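> model the following, please.
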Amino acid sequence: MMEIDIRDTTKESRDIVMNDIVAEANKIAETRELSVAVETINSDPPVTCSNDVIQATKETVTELSIPSMEIVSRAYHDSLFIGQKFPTGMIFIPCRDGVSHRPDESITKDHLAAGIDVLARVMKRLSES
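Sure thing, here's the model as predicted:
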């Protein structure tokens, strides 16, 4: 058994990749006289973050002179579900060596404090608009 987790910014591009993988697996199986069984466990649609939330975050980090970059996260965050009903966004803070979502993930207290400050200010900014 093998599990494959495919994520992308659009459902269409993600599904193209999945279909290509299944087609190639079927070709290989036919050549080797094997069978392939594919089971889709879930296929949640990707969610795009709110432009208002993104803009409020950009303005906040600029005001605070915090270096930042806009990134696309293909991770399976709560925002995937929240974003289906409400405007959403995410604020990431730096992790040592870029490692996150692993037991050896490590952040500094300063980065944590800055992330909390940005979050609070973004929420305030959005509540006033």
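
> please name the nearest non-neighbouring residue to R7.
Leaving out its chain neighbours, the residue that sits closest to R7 by C-beta to C-beta, 6 or more residues apart in numbering is R74, at 3.8 Å. Any C-beta I mention is one placed from the backbone N, CA and C, and that applies to glycine too.

> an error on my part: the question was meant for E63.
Spatial nearest neighbour of E63, excluding adjacent residues (C-beta to C-beta, 6+ apart): R121 at 7.8 Å.

> my read is that the one you found contacts T60, right?
Yes: counting by C-beta atoms under 8 Å, T60 is a contact partner of R121 at 4.7 Å.

> higher neighbour count, the two?
Remark: of R121 and T60, T60 carries more neighbours, 22 against 17, as counted by other C-beta atoms under 10 Å.

> ok, the more buried one - contacts?
Applying C-beta atoms under 8 Å, 6 or more residues apart in numbering to T60 gives the contacts 118, 121-122, 125.

> kindly recompute the last result at 6 Å.
118, 121-122 (C-beta atoms under 6 Å, 6 or more residues apart in numbering).
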